[in-house]
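Asks: No sequence on hand, only this structure:
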């Protein structure tokens, strides 16, 4: 095994190439693909594990990609040209979704009914609660394995294929691994993202069956009076399980209804399953939040590069534009704009989701821009930027190669904080009846629906979604704090430190 050079010197590694051999000196000049070709075993092993993980969930992965709502958004923008393609993709998604996977309902089924001889219809004859818990455990275990495989791939890259022995990123990663508050945020965000990605199979029932088309689906149940197995429309069953604060129909958390359906979070006032509503709502919140963050973050990074590089009038123009947007109350502006656009075609895309994403993105970029403007101005004064200009390097290349990598870490910090704010903003608008419209599930609408029953036995309708919103927003904030402290360990962890950075270096 060849010896590594001094880590502190920042020199390159001459160590591991193959077991018992050293990397050739000219290997440092090869692109990554060539380095992998010279030492394929670690990458091949990692790729084989990834292939297995994809294979056991192939149907769900392909179906999820093809049925993701942005296809519908594009169809709303170009209906004549995209609708046939969208319809074809939806058909393919339905066919592929029929392939069995380790997390599919056909493999671990929690729908059934209890007869005098035991549970019928569920996997292995388990109770619906145990079968549902088993599927949830498999889903989160599968997702956690992906997380471990991703970390393993990163360590393989560092050990076998990365040229330097050490980079500043190593210290950032090591500091974050010791940051308990940041790890808590990562765990919360991980749980939220998994809920959003696996929403179709995570709930005890499906959105189509329980929320969108309850009168097009039926369930079987055992009638104790007749001693027979009978069938009923889901909509009619929901009518008998409405949680409205009083009466025998109320179904609370971890309870069964009279049709032997298990409800982890209880039911809504209309009798629909709250957990299924929340899982699907997590996907809506994450999708709209990421879209708005993509718009705001893209504008913020472009303006940060331009203002730091050119300064002068360009900086003054962006400052005026940003201050003008921030002078308006964000939520009030979004409410007014949503009302103005309510009768347009764009409001029909994802039941108002695209409108909210655009509005949050347009009104959110000034805050992100101010957060990264200071670091962008700092790096623009470095010697290597002046050297790049003196050698005639194009401004775009200078921004991409020498300025953007320095600023992106700070952007990730405030992007995490902003995403939590967008999620709570969407929930607040839905609570007021101004957000994403029914039947698309949204957490704020569940809080609003349960408001009249807070002091009754149906307390769960508002309390559970409200607590989850607080936990998710806290998780994103904790993750942002962890990333910030990992990138800059000497940063002020108080509010004053955040304000100084967000002000863009005192601008």
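Replies: Looks like it came in fine. In this text, all values refer to a predicted model and were calculated from it rather than measured experimentally.

Asks: Could you report the neighbour count for residue 268?
Replies: A total of 28 residues lie near residue 268 under the criterion other CB atoms under 10 Å. Where you see a C-beta, it was placed from the backbone N, CA and C, and this is true even at glycine.

Asks: I'd like the distance between the closest residue to it other than its chain neighbours and residue 440.
Replies: Distances taken as CB to CB, 6 or more residues apart in numbering place residue 274 nearest to residue 268, at 5.5 Å, with adjacent residues excluded. From residue 274 across to residue 440, the span is 16 Å (CB to CB, to the nearest Å).

Asks: Tell me which of these two has more neighbours.
Replies: Between residue 274 and residue 440, residue 274 has the larger neighbour count (other CB under 10 Å), namely 27 against 21.

Asks: Just give the nearest non-adjacent residue to residue 428, would you?
Replies: Residue 428 sits nearest to residue 444 (CB to CB, 6+ apart), 6.0 Å away.

Asks: ditto for residue 474
Replies: Closest to residue 474 by CB to CB, 6+ apart is residue 188, at 7.1 Å.

Asks: Of all the residues in the host helix or strand of the one you found, which ones are buried?
Replies: Residue 188 is located in helix 180-197, with elements delineated by DSSP states H and E. Buried residues in helix 180-197, counting neighbours by 16 or more other CB atoms under 10 Å, are found at 182, 184-186, 188-192, 194-197.

Asks: ok, residues contacting the next helix or strand after it?
Replies: Once helix 180-197 ends, the next helix or strand along the chain (criterion: DSSP H and E) is helix 199-202. Residues outside helix 199-202 that contact it (CB atoms under 8 Å, 6 or more residues apart in numbering) are 60, 64, 103-105, 135-136, 139, 195, 206-207, 279-280, 282-283.

Asks: Tell me the helix or strand right after helix 199-202.
Replies: helix 207.

Asks: average pLDDT across stretch 30-40?
Replies: On average, the pLDDT along stretch 30-40 is 88.

Asks: same thing with stretch 131-151?
Replies: 96.

Asks: If you count neighbours, what's buried in it?
Replies: Buried, per 16+ other CB under 10 Å, within stretch 131-151: 131, 132, 133, 134, 135, 136, 138, 139, 140, 142, 143.

Asks: What mean pLDDT does stretch 335-347 get?
Replies: According to the model, stretch 335-347 has a mean pLDDT of 84.

Asks: from the chain's centre, how far out does that stretch sit?
Replies: How far stretch 335-347 lies from its chain's middle: 26 Å, per CA atoms, centre = their mean, to the nearest Å.

Asks: And for stretch 202-209?
Replies: The mean C-alpha position of stretch 202-209 is separated from the chain mean by 20 Å, CA atoms, centre = their mean.

Asks: any idea of the mean pLDDT in whichever helix or strand residue 325 is part of?
Replies: Under the criterion of DSSP H and E, residue 325 resides in helix 312-326. In this model, helix 312-326 has a mean pLDDT of 92.

Asks: which residues of the chain score low on pLDDT?
Replies: 1-29, 63-98, 491-507 (pLDDT under 70).

Asks: Which residue of it lies farthest from its centroid?
Replies: Ranked by distance from the centre of the chain (CA atoms, centre = their mean), the top residue is residue 226, with 47.8 Å.

Asks: Can you classify it by secondary structure?
Replies: Classification of residue 226 using DSSP: H, G, I helix; E, B strand; the rest coil returns coil.

Asks: what are the phi and psi values for it?
Replies: Per-residue torsions, residue 226: phi -90, psi -20 (degrees, to the nearest 10).

Asks: For it, which residues are in contact?
Replies: Per CB under 8 Å, 6+ apart, neighbours of residue 226: none.

Asks: where along the protein do the strands fall?
Replies: 113-115, 118-120, 218-223, 228-233, 255-256, 262-263 (DSSP state E).

Asks: buried set for the third one?
Replies: Using 16+ other CB under 10 Å as the burial criterion, the residues of strand 218-223 that qualify are 219, 221, 222.

Asks: Please identify which of the residues you listed is nearest to residue 287.
Replies: residue 219 (29.2 Å; CB to CB).

Asks: my read: that closest one touches residue 128, true?
Replies: No: checked against CB atoms under 8 Å, the pair residue 219 and residue 128 is beyond contact range at 11.5 Å.

Asks: Need the overlap of contacts for the two.
Replies: With CB under 8 Å, 6+ apart, residue 219 and residue 128 have common neighbours 111, 261.

Asks: returning to what we had before: go ahead and confirm the residue nearest to residue 268 touches residue 262.
Replies: No: between residue 274 and residue 262 there is no contact under CB under 8 Å: 12.0 Å.

Asks: Run through who's touching the helix holding residue 325.
Replies: 303, 306, 307, 308, 362, 363, 365, 366, 367, 369, 370, 507.

Asks: can you list these in JSON lines and add neighbour count and distance to residue 341?
Replies: Putting these into JSON lines (neighbours: other CB atoms under 10 Å; distance: CB to CB, whole Å) gives the following:
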{"residue": "303", "neighbour count": "25", "distance to residue 341": "25"}
{"residue": "306", "neighbour count": "17", "distance to residue 341": "29"}
{"residue": "307", "neighbour count": "24", "distance to residue 341": "30"}
{"residue": "308", "neighbour count": "26", "distance to residue 341": "34"}
{"residue": "362", "neighbour count": "18", "distance to residue 341": "12"}
{"residue": "363", "neighbour count": "21", "distance to residue 341": "14"}
{"residue": "365", "neighbour count": "28", "distance to residue 341": "19"}
{"residue": "366", "neighbour count": "25", "distance to residue 341": "21"}
{"residue": "367", "neighbour count": "19", "distance to residue 341": "23"}
{"residue": "369", "neighbour count": "27", "distance to residue 341": "25"}
{"residue": "370", "neighbour count": "23", "distance to residue 341": "27"}
{"residue": "507", "neighbour count": "13", "distance to residue 341": "32"}
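
Asks: Residue 330: which of the residues you listed is nearest?
Replies: residue 363 (4.9 Å).

Asks: Which residues are in contact with that closest one?
Replies: 325, 328, 330, 333, 334.

Asks: The first one: neighbour count?
Replies: Pointing back at residue 325 there. Counted with other CB under 10 Å, residue 325 comes out at 16.

Asks: Relative to residue 407, how far out is residue 399?
Replies: Distance from residue 399 to residue 407, by CB to CB: 10 Å.

Asks: Surely residue 335 touches residue 435?
Replies: No: with contact defined as CB under 8 Å, residue 335 and residue 435 do not form a contacting pair (9.7 Å).

Asks: Give me the common contacts of those two.
Replies: Joint contacts of residue 335 and residue 435 (CB under 8 Å, 6+ apart) are residue 429.
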